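Colleague: based on what follows, work out the 3D shape:
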Amino acid sequence: MAPYDFLEQILRNMADHPARNAFYIMDRWTTYGELAGVVAGIQSRLEAECPLNARGAADNDTDSAGINTDTTGNDTGSAGSDHVGVWLGDDIHTYASILALWMSGRAFVPLNPLFPEARNRKILEQVSPRVMLHSAEVEPGLLTGECRALYTGDLEPVKGNLPRLEKFSRERDAYVLFTSGSTGIPKGVRISFRNLNGFVRDFIRYPAYAFTPDDRFLQIYDLSFDASVHCYTVPLAVGASVFTVPPDGIKYLAAYRLMQEHGLSFVKMPPSVLSYLRPHFGSINLPGLKYCLLGGEAFPSGLAREWESCVPNALIQNVYGPTEATINCMIYDWNAPGSSRKESAGTGSIGKGFGTNRVRVLGGDGKPVDPGETGELLVAGEQVSPGYWNNPGLNEKAFLVMEEEEGRVRYYRTGDLVREDQDGDVMYLGRGDEQIQVRGYRVEMGEIESAARDFLGGLNVMACGSSGETGEVAICLAVEAERVDEANLREYLAGQLPPYMIPGRIVPVPRFPVLVSGKLDRAALRRMLTI
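Modeller: Residues are numbered from 1 along each chain as shown. Next up, the predicted model:
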């Protein structure tokens, strides 16, 4: 399976069906032919301004079953013209920029205008790209060193122009997404063309789906979140259309308007969107919706049951997948005919792996546990990332090689606690560390704490998350002090962290509880904050 199969399909749709609608953005349609013209224009400009490095090594490191058996851990990422920054916007030029990079065999590195300049600069400093593509104004002072901005917003759609699809190694990076890091520095997750193509291929082949060019897909996610990749690659590969939700404004209302007015057939969104729509369930009726995927947060089974009456013809699914396993690697068909709607403590099952994805549940001793016992979830398969950007130490901790019948198999350690039943369906029980999920993003409490300590001159702090009945997570920050200048602390944090990482509550605590050992009693302090 070549790395560019899904790209070949997109290119074929551009060539064979130029009049078919590809994107609906800000109440404006863009056809496949127009999209092709913009992609081709960006590709030509990029090649002229920043020639690509060598095409990459030959395909290797994956067996015929799609199980990644590379155990070296040495491939940690390299800088240069292969990796290109993209200043994100809700416009056709941004999506065309991503496709232009991919068809040239390059990786895109998203830079979110909604994030603080300091965070975007940390990403640029790690990757050191030579070029950043942008279709909107870039923050002054963001670009430093040899990186320069290349404007794409002046390229008009030209019908008849087709981009070129280069031949390149499947091991090349398709994108690098930077997620929260426990050290206070964002960590880059590398996803290869092998990983991405494996996901798109196997997702489209999932037995419950029967996609057609008439399908209409919702794209609600920020383009710096990997779920967004799902919401435009799959529809473009099957020749369908993508309806985007602007990054500003009230997202859940904009999403509902698109679902209702345009009869969307495929919707993927975090469960928190349902919690916002819940007061309106009595008046919501979306009979044209065929597939409704909920992911990025714990699946609230009670809320899903209520939602079923609003989408009488839709298959509701719980999808699970860390960034390191390329978007989604497990699926549970919640309300399929004959489904028992498995749940535990109000959370629906995350099901089984699909495609080449396989899972194991290991106990604290590193050995597989029996069905019904709690352990850490590990994932292997074609979708598992080659590793973190320039971080061999973290690679060693996060990836584990196990001897199995077919040889050595490389697993990603998710850090999620789960329990597998006799049918092989997996129940998500929570995290085994201090990481939480907020609006689909994984957040390391250590990064919030590090930023707060910098401002507070080293005072003791602790961040934690708590969730309500709907599953939506809120962040609370405790500061060991009699009083806290909350306004100035929030202002500082807003300059260092993305909006979704800013604590909803900041609580001064005169004295933190400690264990007999003298260490912070995080469990006791968490109980104090969540009362």
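
Colleague: sketch out the low-pLDDT regions of the stretch 51-200 of the chain for me.
Modeller: 53-81, 144, 181-184 (pLDDT under 70).

Colleague: now with 90?
Modeller: Confidence mapping of the stretch 51-200 of the chain against pLDDT under 90 gives the ranges 51-82, 114-119, 122, 130, 136-148, 155-161, 179-186.

Colleague: one more: the stretch 201-350 of the chain?
Modeller: 246-252, 270-276, 278, 296-303, 338, 344-347.

Colleague: now the strands for it?
Modeller: 216-219, 241-244, 266-269, 291-295, 315-320, 330-333, 343-344, 347-348 (DSSP state E, counting those that start in this stretch).

Colleague: per-domain residue ranges of the chain.
Modeller: Domains of the chain are assigned by automatic domain parsing as 1-6+21-52+78-168, 435-530.

Colleague: so what's the gap between the longest one and the chain middle?
Modeller: The one in question is domain 1-6+21-52+78-168. Distance, stretch centre to chain centre, for domain 1-6+21-52+78-168: 18 Å (Cα atoms, centre = their mean, to the nearest Å).

Colleague: any idea how far residue 464 is from residue 505?
Modeller: Plainly put, residue 505 is 10 Å away from residue 464 if you go by Cβ to Cβ, to the nearest Å. To be clear about C-beta, it is placed using only N, CA and C from the backbone, and glycine gets the same treatment.

Colleague: residue 172 now?
Modeller: Residue 172 is 39 Å from residue 464, where distance means Cβ to Cβ.

Colleague: swap in residue 498?
Modeller: The gap separating residue 498 from residue 464 is 18 Å, by Cβ to Cβ.

Colleague: how about residue 383?
Modeller: 31 Å.

Colleague: so which of the strands of the stretch 201-350 of the chain is nearest residue 164?
Modeller: Closest of the strands of the stretch 201-350 of the chain to residue 164 is strand 241-244, at 22.7 Å (criterion: Cβ to Cβ).

Colleague: got the CA positions of that closest one in PDB?
Modeller: Presented in PDB, the C-alpha positions along strand 241-244 are these (Å, rounded to 0.1, in the frame of the first residue of the first chain):
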ATOM      1  CA  SER A 241     -18.000  17.800   0.800                       C
ATOM      2  CA  VAL A 242     -16.700  19.400   4.000                       C
ATOM      3  CA  PHE A 243     -18.600  22.000   6.100                       C
ATOM      4  CA  THR A 244     -16.300  24.000   8.400                       C
END
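
Colleague: what's in contact with that strand?
Modeller: Contacts to strand 241-244, defined as Cβ atoms under 8 Å, 6 or more residues apart in numbering, come from residues 20-26, 90, 95, 215-219, 231-232, 235-236, 258, 262, 264.

Colleague: and residue 160, what is it in contact with?
Modeller: For residue 160, the contact set (Cβ under 8 Å, 6+ apart) comprises 18, 33, 37.

Colleague: how about 10 Å then?
Modeller: Listed by Cβ atoms under 10 Å, 6 or more residues apart in numbering, the contact set of residue 160 reads 18, 33, 36, 37, 40.

Colleague: in the stretch 351-500 of the chain, what residue spans correspond to strands?
Modeller: Remark: strands assigned in the stretch 351-500 of the chain by DSSP E, counting those that start in this stretch are 352-353, 358-362, 374-380, 387-388, 399-404, 407-420, 426-431, 435-438, 441-444, 461-467, 473-479.

Colleague: for the second one, packing partners?
Modeller: When you say that, I think you mean strand 358-362. If you count contacts as 3 or more Cβ pairs under 10 Å, 6 or more residues apart in numbering; DSSP states H and E, strand 358-362 packs onto strand 352-353, strand 374-380, strand 399-404, strand 407-420.

Colleague: at 7 Å what do you get?
Modeller: If contacts are counted by 3 or more Cβ pairs under 7 Å, 6 or more residues apart in numbering; DSSP states H and E, strand 358-362 sits against strand 374-380, strand 407-420.

Colleague: now the third one
Modeller: The elements that strand 374-380 packs onto, with contact taken as 3+ Cβ pairs under 7 Å, 6+ apart, are strand 358-362, strand 407-420.

Colleague: if we use 10 Å, what do you get?
Modeller: strand 358-362, strand 399-404, strand 407-420, strand 426-431.

Colleague: pull up the pairing partners for that strand, direction included.
Modeller: Within its sheet, and counting by DSSP bridges, strand 374-380 is paired with strand 358-362 (antiparallel), strand 407-420 (antiparallel).

Colleague: same question for the last one.
Modeller: The pairing partners recorded for strand 473-479 under DSSP bridges are strand 461-467 (antiparallel), strand 505-508 (parallel).

Colleague: tell me which of those lies nearest to residue 294.
Modeller: Comparing the strands paired with strand 473-479 against residue 294 with Cβ to Cβ, the closest turns out to be strand 461-467 (14.7 Å).

Colleague: quick one: the spatially most central residue of the chain from residue 399, how far?
Modeller: Nearest to the geometric centre of the chain sits residue 226, at 2.5 Å (Cα atoms, centre = their mean). Between residue 226 and residue 399 the distance is 18 Å, computed by Cβ to Cβ.

Colleague: how about residue 241?
Modeller: 38 Å.

Colleague: residue 393 now?
Modeller: Taken as Cβ to Cβ, the span from residue 393 to residue 399 is 12 Å.

Colleague: repeat for residue 441
Modeller: Distance of residue 441 to residue 399, computed by Cβ to Cβ: 22 Å.

Colleague: just the CA coordinates for the longest helix along the chain, please, in CSV.
Modeller: Counting by DSSP state H, the longest helix found in the chain is helix 32-49. Extracted C-alpha coordinates of helix 32-49, given in CSV (Å, rounded to 0.1, in the frame of the first residue of the first chain):
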residue,chain,number,x,y,z
TYR,A,32,-12.9,20.3,-6.4
GLY,A,33,-11.7,22.0,-9.5
GLU,A,34,-11.2,25.3,-7.7
LEU,A,35,-9.4,23.6,-4.8
ALA,A,36,-7.1,21.9,-7.3
GLY,A,37,-6.2,25.3,-8.8
VAL,A,38,-5.3,26.8,-5.4
VAL,A,39,-3.3,23.7,-4.4
ALA,A,40,-1.3,23.8,-7.6
GLY,A,41,-0.6,27.5,-7.2
ILE,A,42,0.7,27.0,-3.7
GLN,A,43,2.7,24.0,-4.7
SER,A,44,4.4,25.9,-7.5
ARG,A,45,5.2,28.9,-5.3
LEU,A,46,6.6,26.6,-2.6
GLU,A,47,8.8,24.7,-4.9
ALA,A,48,10.2,27.9,-6.3
GLU,A,49,10.9,29.5,-2.9
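
Colleague: list the buried residues in it.
Modeller: Applying a neighbour-count criterion of 16 or more other Cβ atoms under 10 Å, one finds 32-43, 45-46 buried in helix 32-49.
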